[in-house]
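> Here's my sequence, what's the structure:
(one chain, ligands or ions: 1)
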Amino acid sequence: MENPSGKERDSRSHWDAIYKSVEHERLSWHQQCPRESLEFIEASAISAGSPVIDVGGGTSLLAETLLRRGYEDITVLDCSPAAIDRSRSRLGPMAEKIRWSIGDVRSFRSGKKFMLWHDRAAFHFMVDPDDRRKYLESLNACLDDNGHVVLGTFALSGPDTCSNLDVMRYDEPMISELFAPRFRVISSMFSMHDTPSGHQQDFMFFYLRRRWA
Ligand SMILES: C[S@@+](CC[C@H](N)C(=O)[O-])C[C@H]1O[C@@H](n2cnc3c(N)ncnc32)[C@H](O)[C@@H]1O
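Numbering: from 1, shown residues only. Predicted structure coming up:
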């Protein structure tokens with residue numbers, strides 16, 4: 001992260017402290033199988049060689065699951081170096097097949113255009129409209145013109161905080177409005193997440209394309 005803003009430094013320390021103190025299987029958002037994400041990614045029918053990015057990927061098993069399913073060009077972006085370290089060491093030599101990027105999505109730019117942008121549970125932390133604007137600028141700058149977006153957020157009936165941070169909760173009309181005019185929602189799905197401590201959290205998943213695609 002070059003010259004991070006004050007907000008970006010705060011996010012990095014906040015998330016680093018969590019990843020340094022809690023085992024990844026005990027984090028409330030942990031999933032043994034990223035079922036909904038895989039369903040949408042596979043339905044997008046992108047080719048195995050298409051560049052995919054998992055934004056706010058943390059210690060999710062998505063990247064390694066995609067690798068095992070034959071996807072070849074996977075990037076994980078996260079603002080927490082501790083999260084990336086944990087994922088890399090869990091994966092061992094397989095980690096070398098994934099590109100790991102430590103950075104803040106609000107200022108993220110990439111030389112390559114991604115064919116699929118995946119985000120489960122990072123966008124909903126953008127409670128400030130200016131952060132959402134920056135997030136959308138990054139998405140627009142980094143996504144291929146024919147790219148696909150898979151977004152998982154808390155549903156309207158989901159929690160209003162996570163990890164001591166306020167979150168936004170969404171339904172399809174809200175995402176449609178926020179991502180317009182550049183993107184349109186093609187489909188969405190409600191999903192209940194069982195946390196490792198036995199609670200349930202309501203999520204929504206959205207599949208978006210550029211308006212013209
Ligand atoms: C609730 S966790 C979800 C992790 C992962 N997507 C999953 O489903 O297991 C949110 C993740 O987003 C990352 N994150 C939060 N704000 C971010 C930002 N502004 N830029 C990049 N990553 C961010 C955190 O470090 C954390 O790993």
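
> show me the contacts for the residue nearest the centre of the chain.
Closest to where the C-alpha atoms of the chain average out (CA atoms, centre = their mean) is residue 119, at 2.1 Å. Counting by CB atoms under 8 Å, 6 or more residues apart in numbering, residue 119 makes contact with 54, 55, 56, 105, 149, 150, 151, 152. Quick note: C-beta positions are derived from backbone N, CA and C, even for glycine.

> So which bits of the chain are right by the ligand?
Within reach of the ligand by CB under 6 Å from any ligand atom, the chain has these residues: 11, 15, 29, 56-58, 60, 77-80, 83, 104-106, 120-122, 125, 162.

> follow-up on the earlier one: could you single out the nearest of the contacts of residue 119 to residue 200?
Within the contacts of residue 119, proximity to residue 200 (CB to CB) peaks at residue 152, which comes in at 15.1 Å.

> Confirm that closest one sits in a strand?
Yes: judged by DSSP: H, G, I helix; E, B strand; the rest coil, residue 152 forms part of a strand.

> number of nearby residues for residue 156?
Neighbour count of residue 156, defined by other CB atoms under 10 Å: 12.

> wait, it sits on residue 167?
No: in this structure, residue 156 is not within contact of residue 167 by CB atoms under 8 Å, at 11.6 Å.

> Look up how far residue 124 lies from residue 40.
17 Å (CB to CB, to the nearest Å).

> Do you know the pLDDT at the residue lying closest to residue 58 once chain neighbours are set aside?
Closest residue to residue 58 apart from its sequence neighbours, by CB to CB, 6 or more residues apart in numbering: residue 83 at 4.5 Å. pLDDT recorded at residue 83 is 98.

> and what of residue 170?
At residue 170, the pLDDT recorded in the model is 98.

> How about the closest residue to it other than its chain neighbours: which residues does it bridge to?
Closest residue to residue 170 apart from its sequence neighbours, by CB to CB, 6+ apart: residue 153 at 4.7 Å. Here residue 153 sits in beta bridges with residue 204, as judged by DSSP bridges.

> do you know how far residue 153 is from residue 205?
Residue 153 is 8 Å from residue 205, by CB to CB.
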